[in-house]
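**Student:** test case, fold it:
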Amino acid sequence: MTPKEYLQQYGTAMRRIRAISDHLAELRAIAENLRTEDGHRVELDAAVANLVDTERKVSAEVAKLCKLETEIACTIDRMQEPYRTLLYERYINGKTWEQVAVSMNYSYVHVVHNLHPKALKTVRDLIAFNT
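**Tutor:** Residues are numbered from 1 along each chain as shown. Just a heads-up that it's a prediction; the model follows:
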């Protein structure tokens, strides 16, 4: 895995957590809308069982993703400035390269062609050191 792929896992994990949360909200809404009349009792029981099963799976998935997020954030925290800020802005806050350059008061070219490659090299060294 390249340093860039390693860092991109953070955004992927965050999107996955949001998708899982949205799915759970949909399941809860379905379960709440089912009536408890005699004819619909089986549907309600099935919906609740599905919701409970999904919540268990989600809890395990979210715990795994949170651990990954923490690991990536800790890796970035170990870096020196301006690399730390650059990587936080891009990979944690999800800003575009243009937004990163403006917020750091650098040119786009300097951020993309100078700072970012150096930051990725530092991440690669940190990852290699930890393994």
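**Student:** what about the helices in the protein?
**Tutor:** Counting by DSSP state H, the chain has helices at residues 3-33, 41-77, 83-87, 97-104, 108-110, 116-130.
**Student:** just the ones you listed: most buried one?
**Tutor:** helix 83-87 (a mean of 20; mean count of other CB atoms under 10 Å). (Each C-beta comes from the backbone N, C-alpha and C, glycine too.)
**Student:** can you redo the helices of the chain as a markdown table with mean pLDDT?
**Tutor:** Below are the helices of the chain laid out as a markdown table (pLDDT from 0 to 100):
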| stretch | mean pLDDT |
| --- | --- |
| helix 3-33 | 84 |
| helix 41-77 | 83 |
| helix 83-87 | 97 |
| helix 97-104 | 98 |
| helix 108-110 | 98 |
| helix 116-130 | 90 |
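**Student:** residues touching the nearest residue to residue 116 once chain neighbours are set aside, list them.
**Tutor:** Residue nearest to residue 116 in three dimensions, not counting chain neighbours: residue 86, with 6.6 Å by CB to CB, 6 or more residues apart in numbering. Listed by CB atoms under 8 Å, 6 or more residues apart in numbering, the contact set of residue 86 reads 100, 104, 111, 115, 116, 119.
**Student:** same check, this time on residue 58
**Tutor:** With CB under 8 Å, 6+ apart, residue 58 has these contacts: 20, 23, 24.
**Student:** and the gap between the second one and residue 61?
**Tutor:** When CB to CB, to the nearest Å is applied, the distance between residue 23 and residue 61 equals 11 Å.
**Student:** please apply the same query to the first one.
**Tutor:** In this structure, residue 20 and residue 61 are separated by 6 Å, where distance is defined by CB to CB.
**Student:** next one: residue 43
**Tutor:** 26 Å.
**Student:** is it correct that residue 101 is in contact with residue 114?
**Tutor:** No. Residue 101 is beyond contact range of residue 114, at 11.0 Å (criterion: CB atoms under 8 Å).
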